[in-house]
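[1] 3D model of this:
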Amino acid sequence: MDRRVLAAIVLMMVIAILPAVLLRRPPRPVGGDSARVAPRAQAPLPPPPPPPIALPLDTLAASPARVIRVTSPLYTYAISTRGGLLAEATLHRYRSMAPGERGDTLQILPPASDLLGLRVVAGGDTLQLREWDFSPSVDTLVVTAGGGPLTLTAARGNVGVTIQYRFEPDEYRIMVDGQITGIGPNGGALLVGLGPGLRNTESDSIDHQRNLGVVTKARGETDLTRYSSLDYGQVTELSGPFEWVAVKSKYFVTALFAIDTLETTYVGRLAGVRARPLEERKQLAQAEVLASLPVPAAGTFRFTLYAGPMEYPRLRGMGHDFYDVNPYGWPGLRTIIRPVAVAARWLLVVMHDALGIAYGLGLVLFGILVRVVLWPLNQKAMRASMQMQAIQPLVKDVQARYKDDPQRVQQEMFKLYKEYKVNPFGGCWPMLLPMPVLFALFFVFQNTIELRGAPFLWLVDLSRPDPYYVIPVLMGLSMYLVSKIGQMGMEANPQMKMMLYVMPAMMTVLFLNFPSGLNLYYAVQNLASIPQQFLLAKERQKVNPRPPAAPPPSLAPAKSSGKKR
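    Predicted coordinates for the structure are as follows:
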């Protein structure tokens, strides 16, 4: 039975993990899943505007445009006077791992970023505010608590625009307030640029491109559309209303928040999102992403931009389930996996920051701790398995005696279990308890920025696969050793012998390209379980020195039934 349970566990892991690794979701059609959220009465997503006159930021040096640098201990943001675009977002606490930039202070925006590029659609016309020259209120800004904002103003004809940016010294967010005058009595729609994506900051550019995507949040629903799933030459439209829209990479994100508060109810004001691929080749995935925000007749607008790392506490602090932009778990299983992943992340970070323990050593201690905590349950499970093994001759006798009557077999088996006080599932469910931890750590190493670039011994990055495959092989050998010791004192059969070799080999191949930290944890908790396996194997040998023909005296029924079997 234990072999079947182990096989079931491995199959569960394969079914649960491989889809996240191999499968990619297709883009949603217009209306998509988000159509389940009833839209409020607001301006619909307007038709695609005429192709804008592109003015990449790297060509601004030849123009009179200036860059206003906004600095704090966390970041340097650069606002261009040409269109009010966010031209730079440098994060002082992080370093780039990209080829040719390794060790440099990390900058998350590509050279031709359209982040905060504004267009106004009103009365059938499109105003390309991203091409206007604005006058700034200051030339540089050092962000302090209670410090003043940066204000940009511009006017053309009868249209005037004022944009005010407010910053916080200890948060990666920018509050944007603005007003557009002269657009007519019916208002219009403001299109806010979020493209073409985020700069590659990782050593694995393919993995970076794989993680690029647009994430939207409506009431109770978060949805991801990956750049790689967009069809070149086509526009993908996502219908709102959305509370926030984000463009993410593996560890960093830029997100637009626009929310109305009605008493205790939050309603998104982003009417929709349009994404258009800019590159035909998937490995160079870029997309023009525009979020639509209705503008009333007064011409006022307000939104908040987050531009920074996907640190879980900061994401959670933004509210509105923003932590789901970096999901721990698959839809349907997040309720189970997320609490475990959050707790595991918290423990590893505390051990590192408060106790000075390296993340690799913290993983070793965590693996041992899991086995210590589960020791009593595993003890109970293994002893239940020993009881099941002891009554196997009687089980086989019942199955042979009533082989033509399956219902009678079930009845007699139930009586047998009750008579000898054996729970047939007692050896199964405790074995499943480590699985949520293993699944949770899969996402912790996939998504947790604190583990990005964390070294251990010869491993340069615990979030990346072991380049020498030492840890996966060690994990497979540890699994073989645990299984070998666990079979001591048991009657060998061909199925058990096959599983002894097949399961470790299959798990090694499955985990070969998984994060080395995940393999390290699994190997450690396997090795930590060996003493318990050995002690119980010795106990099994004492109870059953040879394959039993009948249950041992220790398993005699509590009360005699008066019947002979």
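[2] doesn't Arg408 lie inside a helix?
    Yes. Counting by DSSP: H, G, I helix; E, B strand; the rest coil, Arg408 is part of a helix.
[3] all strands of the stretch 201-350 of the chain, in order?
    Taking DSSP state E, counting those that start in this stretch to define them, one finds strands in the stretch 201-350 of the chain at 213-218, 221-226, 236-242, 244-248, 252-257, 259-262, 265-268, 270-277, 287-295, 300-309.
[4] what would those look like in a markdown table with mean neighbour count, mean pLDDT and distance to Leu115?
    Glycine gets a C-beta too; all of them are placed from N, C-alpha and C. Below are the strands of the stretch 201-350 of the chain laid out as a markdown table (neighbours: other CB atoms under 10 Å; pLDDT from 0 to 100; distance: least, CB to CB, whole Å):
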| stretch | mean neighbour count | mean pLDDT | distance to Leu115 |
| --- | --- | --- | --- |
| strand 213-218 | 25 | 91 | 13 |
| strand 221-226 | 19 | 88 | 18 |
| strand 236-242 | 25 | 88 | 17 |
| strand 244-248 | 26 | 95 | 8 |
| strand 252-257 | 25 | 96 | 6 |
| strand 259-262 | 12 | 71 | 20 |
| strand 265-268 | 15 | 70 | 20 |
| strand 270-277 | 24 | 89 | 14 |
| strand 287-295 | 24 | 91 | 10 |
| strand 300-309 | 20 | 95 | 7 |
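[5] Thr162 is nearest to which of these?
    Nearest to Thr162, of all the strands of the stretch 201-350 of the chain, is strand 300-309, at 9.8 Å by CB to CB.
[6] which stretches of the chain have low pLDDT?
    1-64, 261-266, 280-284, 381, 384, 386, 423-433, 489-496, 543-565 (pLDDT under 70).
[7] what distance do you get for the residue nearest the centre of it to Ile337?
    By CA atoms, centre = their mean, the mean C-alpha position of the chain lies nearest to Pro327, the distance being 3.4 Å. Distance, Pro327 to Ile337, by CB to CB, to the nearest Å: 9 Å.
[8] overlap of the contact sets of those two?
    Phe443 (CB atoms under 8 Å, 6 or more residues apart in numbering).
[9] how is the protein divided into domains?
    As assigned by automatic domain parsing, the chain contains the domains 28-325, 344-374+433-547.
[10] which one of those domains lies nearest to Leu333?
    domain 344-374+433-547 (7.6 Å).
[11] quick one: distance of that closest one to the chain centre.
    21 Å (CA atoms, centre = their mean, to the nearest Å).
[12] do stretch 221-232 as well
    15 Å.
[13] using CSV, write out every CA atom in it.
    Coordinates of the C-alpha atoms in stretch 221-232 are reproduced here as CSV (Å, rounded to 0.1, in the frame of the first residue of the first chain):
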residue,chain,number,x,y,z
GLU,A,221,-10.4,38.0,-10.0
THR,A,222,-6.8,38.3,-11.0
ASP,A,223,-5.9,37.3,-14.6
LEU,A,224,-2.5,37.0,-16.3
THR,A,225,-2.0,37.4,-20.1
ARG,A,226,1.6,36.6,-21.0
TYR,A,227,3.4,38.5,-23.7
SER,A,228,4.4,35.3,-25.4
SER,A,229,0.7,34.3,-25.8
LEU,A,230,-0.1,37.5,-27.8
ASP,A,231,-0.6,37.1,-31.5
TYR,A,232,1.6,39.3,-33.6
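[14] quick one: secondary structure of Met503?
    Three-state assignment for Met503 (three-state DSSP): helix.
[15] quick one: it and Ser478, what's the gap?
    12 Å.
[16] next, count neighbours for Gly147.
    The number of residues packed near Gly147 is 15, by other CB atoms under 10 Å.
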